[in-house]
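Participant: pasting a predicted model and its sequence here:
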Amino acid sequence: MKGTIGTAMALRVWGYCLAIYCLASTSAVACIPATERGIFFEHVPANIDAPVIIEATIYGDGSQVGDVAGNQMIIINARVDRVIKGPIDAKTLKIFVYLGACTRVGVGQGIVLGELRDDPLRGPMLEAIEGANFRSESKEFQEKQEAIWAAVTHDK
């Protein structure tokens with residue numbers, strides 16, 4: 001009997017250790033709505049200063065690429081609807097954003113803040129600041145995003 005209790009205790013300890021190891025070594029991060037951040041702001045935020053502020057529309061998903069350091073980013077083509085601040089004189093512009101654990105980027109329309117970067121392969125691109133809080137958007141703004149998304153997905 002003593003051997004049976006020892007084996008059961010050893011299996012229990014082994015199970016706990018395996019569970020702790022799996023939890024500690026996973027790189028998956030769950031995002032809750034309060035932590036998700038995007039690049040589309042409903043209004044120009046007063047607490048963020050950026051050299052470039054535009055109103056833009058994105059109708060495509062873009063492509064995920066890595067920079068020379070291996071950091072992942074999304075590059076998307078955007079139509080420039082209005083320049084609020086900065087030296088933008090083009091009707092279209094490539095926008096990129098580095099991917100964080102809770103970054104949301106894609107189809108939509110709104111205010112985009114960032115800094116111009118000159119990429120030797122892609123030309124001038126706007127490095128967007130992610131920070132738009134989805135939970136603080138108005139119902140009308142959310143409905144507009146959903147309508148753009150629905151128009152794009154129905155065309156495919």
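Facilitator: Nice, I can see it.
Participant: what packs against the helix or strand harbouring M73?
Facilitator: Assigned by DSSP states H and E, M73 belongs to strand 72-85. Using 3 or more C-beta pairs under 8 Å, 6 or more residues apart in numbering; DSSP states H and E, the elements in contact with strand 72-85 are strand 52-58, strand 63-66, strand 92-98, strand 108-119. C-beta coordinates here come from the backbone N, C-alpha and C atoms, glycine included.
Participant: how near is the most centrally placed residue in the chain to I74?
Facilitator: For the chain, T103 is the residue whose C-alpha lies nearest the centre (C-alpha atoms, centre = their mean; 2.3 Å). The spacing between T103 and I74, counted by C-beta to C-beta, to the nearest Å, is 8 Å.
Participant: same check on R117?
Facilitator: 14 Å.
Participant: how about the host helix or strand of P124 as PDB, C-alpha atoms only?
Facilitator: Per DSSP H and E: P124 is located in strand 123-128. Taking C-alpha atoms only, strand 123-128 is exported to PDB below (Å, rounded to 0.1, in the frame of the first residue of the first chain):
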ATOM      1  CA  GLY A 123       8.800  54.800 -50.700                       C
ATOM      2  CA  PRO A 124       7.200  57.100 -48.100                       C
ATOM      3  CA  MET A 125       5.000  55.300 -45.600                       C
ATOM      4  CA  LEU A 126       3.200  56.500 -42.500                       C
ATOM      5  CA  GLU A 127       4.100  54.600 -39.300                       C
ATOM      6  CA  ALA A 128       0.800  54.700 -37.500                       C
END
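Participant: tell me what that strand is packed against?
Facilitator: Other helices and strands packing on strand 123-128, by 3+ C-beta pairs under 8 Å, 6+ apart, are strand 92-98, strand 108-119.
Participant: recalculate using a threshold of 10 Å.
Facilitator: For strand 123-128, the packing partners by 3 or more C-beta pairs under 10 Å, 6 or more residues apart in numbering; DSSP states H and E come out as strand 52-58, strand 72-85, strand 92-98, strand 108-119.
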